[in-house]
Structure formats: structure tokens, C-alpha cells
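In: My questions concern the predicted model and sequence given below.
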Protein chains: 2
Amino acid sequence: MTRGKLYVLSGPSGVGKSTAVHEVMRRHPSLRFSVSVTTREMRPGEVEGESYYFITRRQFQEMLERNELLEHAEYVGNCYGTPEGPINRMLEDGVDVLLDIEPCGALQVQQRRPDATLIFMAAPSFSEIERRLRGRGDTAQDKIEARLERARWEYQQAQKYDYIVVNDDVGHAAAEIEAIMLAEKCRAHIRLDYLKEER
Amino acid sequence: MTRGKLYVLSGPSGVGKSTAVHEVMRRHPSLRFSVSVTTREMRPGEVEGESYYFITRRQFQEMLERNELLEHAEYVGNCYGTPEGPINRMLEDGVDVLLDIEPCGALQVQQRRPDATLIFMAAPSFSEIERRLRGRGDTAQDKIEARLERARWEYQQAQKYDYIVVNDDVGHAAAEIEAIMLAEKCRAHIRLDYLKEER
């Protein structure tokens, strides 16, 4: 059986990753999404094992010590991480897995898993990111500046990715992600195994 | 303006390259096809500048000496070649160019143009190639054996390509070629220029 592929979609906050992910998943129901662990409290409407696996800080620490996390980060006092075991099992079963994580985590995945394909999602322009971040309206000026600073750093990481998708339109961005996923399946080193089996 | 991309589609004779190329061109009218030069005589139905540019052996030799051919080959006493000038002009105009050439020529392009993306078209299995070559019915046994030997050598070159497309169905193969072309446009080193322009 052909092994599944691991795709990482990342990009600055506010760029529209999750909308694009939903569109890609809708078109490819066989694609699986990885569920993260977090130490933050469950919010109304969230479902254990769907939104996140909600765990204690001690459990999180144990996962880290056992080297079970593909990537992890701390954000506003809470820990977030992606367990590697379930992903490996899906890939071995021939299932493709998509991760939607922030750029710092994406670069951790790249170092640990050279087999992963990294896709950076960019806004049509940086001023568009700025507009979206400011447009949320619920945030103090200094927080917005901190987010913009972070978004600038994240944009600078784009050169380390395999692909860059520009989210000018969700259908267009999803089509580009789909094309990348199909093209990666056609890469010679992956298809060669297939040809060997066939001959 | 974004520079065009050069794609090379290649594979053993009888694998169905030209049918797939027609389907891809039908879906992407903006894609341009490169017209080769040949020293062989024009056949009924062929059009100068569409099927080929028909030139003399002396003209061919001069093109070779001026290093104007991207690749060239001799086949049954006739010379064939791909002029590089028109391709460069199309690429500079932002036009994508597709070449349909046999594997020996494709490897010449790869050496000369590292910016080219090489796509190998394979039959679903080697026995399928054998069936198609034998099925032509107009050919002596020793010629068929020679073609099979050549097809075997061509298959072994597949590992040098960027992508392998399996032609089990022309619509499927064309969709894979389309995905590869779109994904290549999303490659980080190409899109980065775009991001720089936008910021």
C-alpha cells in the first residue's frame, strides 16, 4: 500500500487558513485532520477529541518527555501540541493527513519530518493582513502591534516552505492546495515505488 | 511580470503523450506548444510552422553550431531539434511552454535548463506498453523487439524526472499534469518574488 502524505498548512493569524482547510476537507473527505492536545480549558461548543484533546499540564509535560509531540508551543499561558503517534498510524494506513498549525510549529515539523510538505498561506498583500488584524476591533492598539510584529516574522519564514498559496479567494486557494497535494503524489521518488511494484 | 514556466512531457513511444497533451492544451489555451525543426520531408497534411519547421540538413547543422537547439536527435536518418530562441521569448513574455519530446531529448533539456520541470508519462504497467507496441501490427518482430528495448531504457530514466504521471485514463493523466503545472507555480522560490513585489 502507498504510504499517506503529511501536509502542513500554516501562515499568519487572520489569513484564512481554517476556511481554506474546511473547503479542502469538503472536497477530499478521505483527507484526515490531526487533533491537537491543549492544557487550556474547554470552551462552550468544543468537543473532546474533535476540537482538541484537553489534557492537564502534567500530562502535557509527560508527552514532551516521552518525545511524543511533533511540535508544541505555549500561547497566553496555555500549552498546545500535536501528538505524532496517531499521525504515524494514519500515514501507515495510507491516509493523507493535514495539519493546520502556526508557523513556529510548522518549522518544528519540517525539522523533525523531512517527508512533510509545507504550505504557507499568504494574504494577497501584507496590508490585507494588517487590515484583517485591525478589523477585529476587539483589541487594544498595543496588542494589534504585537500581532503585526508576529505576522511580519511569520511572513519572513515563508521562504523556508515548499509552497506558498495566496488566499485572494477561498475557492482559488483550496484549488491550489488540492493541486499541490495531487502533484506531490506524482513526485518521481514516490511514483517510482509504484512503477517497481507494477513491473 | 511573472516569467513563464517550461514543462517537458516525455515517456516511451505508445504511452499516449500526444492525446494527453491535446487534452491539457484544450483545458489551458494560454499554454503554448513548442514547434520542432526537422530535416525530414513534409508529409501530406502537415503544415509548415505547425507540425514542424522543415529545414535542410545544412540549416540544421548551422543551428547546432550556433548552439540554438535546446535538444536534438537523429531518428531513421532524419534530424529533429527544438529551437531555444522562441521558447525563451515566450517564457519572458510570461507564457508557459510545454514540450512533448522523447526521453533522450528530455534529459538534454534537463541538463541545459535546470528551470524546466520534467514529467514522465508511464503506462499503467510495462506489459501495457508491450501490448500497445505489438498491437500496431504493421511492424516486423525484430523492430518490435528494438522498440521494446528502447522503451525499457526509457522507463529506467523515469527516476531522473521531477514527476511521473500514470496514463491509465487520459482525463486522469491530464488532471495530474494540470495539478503539477499549478503546484509548480506555487513553489516557494517562485511565489517569493511575488510576495516581495506585493509588500
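Out: Here it is on my side, so go on.
In: Near chain B, which residues of chain A are found?
Out: Along chain A, the residues adjacent to chain B under the rule Cβ under 8 Å from any Cβ of the partner chain are A:119-120, A:122, A:124-126, A:155, A:158-166, A:175-176, A:178-180, A:182-184, A:186-189, A:191-192, A:194-195, A:198-199. In short, each C-beta sits where N, CA and C put it, glycine included.
In: In strands, which of these fall?
Out: A:Ile119, A:Phe120, A:Ala122, A:Tyr163, A:Ile164, A:Val165, A:Val166 (DSSP state E).
In: can you give me the strands for chain A?
Out: Counting by DSSP E, one finds strands in chain A at the ranges A:6-10, A:32-33, A:37-38, A:53-54, A:69-75, A:78-83, A:97-100, A:117-122, A:163-166.
In: With mean pLDDT and mean neighbour count as new columns, can these be given to me in JSON lines?
Out: Below are these laid out as JSON lines (pLDDT from 0 to 100; neighbours: other Cβ atoms under 10 Å in any protein chain shown):
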{"stretch": "strand A:6-10", "mean pLDDT": "96", "mean neighbour count": "24"}
{"stretch": "strand A:32-33", "mean pLDDT": "92", "mean neighbour count": "16"}
{"stretch": "strand A:37-38", "mean pLDDT": "96", "mean neighbour count": "19"}
{"stretch": "strand A:53-54", "mean pLDDT": "96", "mean neighbour count": "16"}
{"stretch": "strand A:69-75", "mean pLDDT": "93", "mean neighbour count": "18"}
{"stretch": "strand A:78-83", "mean pLDDT": "95", "mean neighbour count": "20"}
{"stretch": "strand A:97-100", "mean pLDDT": "94", "mean neighbour count": "21"}
{"stretch": "strand A:117-122", "mean pLDDT": "96", "mean neighbour count": "25"}
{"stretch": "strand A:163-166", "mean pLDDT": "95", "mean neighbour count": "24"}
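In: Now render the ones you listed as TSV, adding distance to B:Gly85.
Out: As requested, these are exported to TSV (distance: least, Cβ to Cβ, whole Å):
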stretch	distance to B:Gly85
strand A:6-10	40
strand A:32-33	49
strand A:37-38	58
strand A:53-54	60
strand A:69-75	49
strand A:78-83	51
strand A:97-100	44
strand A:117-122	35
strand A:163-166	31
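In: Give me the buried positions along stretch A:149-156.
Out: Buried residues in stretch A:149-156, defined by neighbour count with 16 or more other Cβ atoms under 10 Å in any protein chain shown: A:Arg150, A:Ala151, A:Glu154, A:Tyr155.
In: Then stretch A:29-46?
Out: Judged by neighbour count using 16+ other Cβ under 10 Å, the buried positions of stretch A:29-46 are A:Leu31, A:Arg32, A:Ser34, A:Val35, A:Ser36, A:Val37, A:Thr38, A:Thr39.
In: distance between it and the chain's centre?
Out: Between the mean C-alpha point of stretch A:29-46 and the mean C-alpha point of its chain there is a distance of 13 Å (Cα atoms, centre = their mean, to the nearest Å).
In: Chain B: which of the buried residues of stretch A:149-156 is nearest?
Out: Within these, distances to chain B taken as Cβ to the nearest Cβ reach their minimum at A:Tyr155, with 7.3 Å.
In: Look at that closest one and report its pLDDT.
Out: Taken from the predicted model, the pLDDT recorded for A:Tyr155 is 86.
In: same deal with the one 5 residues further on?
Out: At A:Lys160, the model reports a pLDDT of 94.
In: what do you get for A:Ile177?
Out: Predicted confidence (pLDDT) at A:Ile177: the value is 97.
In: ChimeraX command for the buried members of the residues of chain A next to chain B?
Out: Here is the ChimeraX command that picks out the buried ones among the residues of chain A next to chain B, judged by 16+ other Cβ under 10 Å:
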select /A:119,120,122,126,155,158,161,162,163,164,165,166,175,176,178,179,180,182,183,184,186,187,188,191,192,195
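In: Which members of the residues of chain A next to chain B are positioned in helices?
Out: Using DSSP state H, A:126, A:155, A:175-176, A:178-180, A:182-184, A:188-189, A:191-192, A:194-195, A:198 are the members of those that sit in helices.
In: From A:Gly49, how far off is A:Arg66?
Out: In this structure, A:Arg66 and A:Gly49 are 20 Å apart, going by Cβ to Cβ, to the nearest Å.
In: Could you list the low-pLDDT ranges of chain A?
Out: Confidence mapping of chain A against pLDDT under 70 gives the ranges A:136-138, A:194-199.
In: please redo it, this time with the cut-off set to 90
Out: Scanning chain A for pLDDT under 90 picks out A:1-3, A:12-18, A:29, A:50-51, A:75-76, A:102, A:123-156, A:189-199.
In: center of it - which residue?
Out: In chain A, the residue lying closest to the centroid (Cα atoms, centre = their mean) is A:Asp100, at 2.2 Å.
In: That residue contacts A:Val15, correct?
Out: No: between A:Asp100 and A:Val15 no contact is recorded; they are 11.1 Å apart, counting by Cβ atoms under 8 Å.
In: contacting residues around the nearest residue to A:Arg57 once chain neighbours are set aside?
Out: In space, A:Arg57 comes closest to A:Thr39 once its chain neighbours are excluded; the distance is 4.8 Å by Cβ to Cβ, 6 or more residues apart in numbering or on different chains. The contact partners of A:Thr39, taken as Cβ atoms under 8 Å, 6 or more residues apart in numbering or on different chains, are A:Phe54, A:Ile55, A:Thr56, A:Arg57, A:Phe60, A:Asn78, A:Cys79, A:Tyr80.
In: Please identify which pair of these lies farthest apart.
Out: Greatest spatial distance in those: A:Thr56 and A:Tyr80, 13.8 Å, computed using Cβ to Cβ.
In: What's the local residue count around the nearest residue to A:Trp153 once chain neighbours are set aside?
Out: The spatial neighbour of A:Trp153 that comes closest, neighbours along the chain excluded (Cβ to Cβ, 6+ apart), is A:Pro103 at 7.9 Å. A:Pro103 is surrounded by 24 other residues when neighbours are defined as other Cβ atoms under 10 Å in any protein chain shown.
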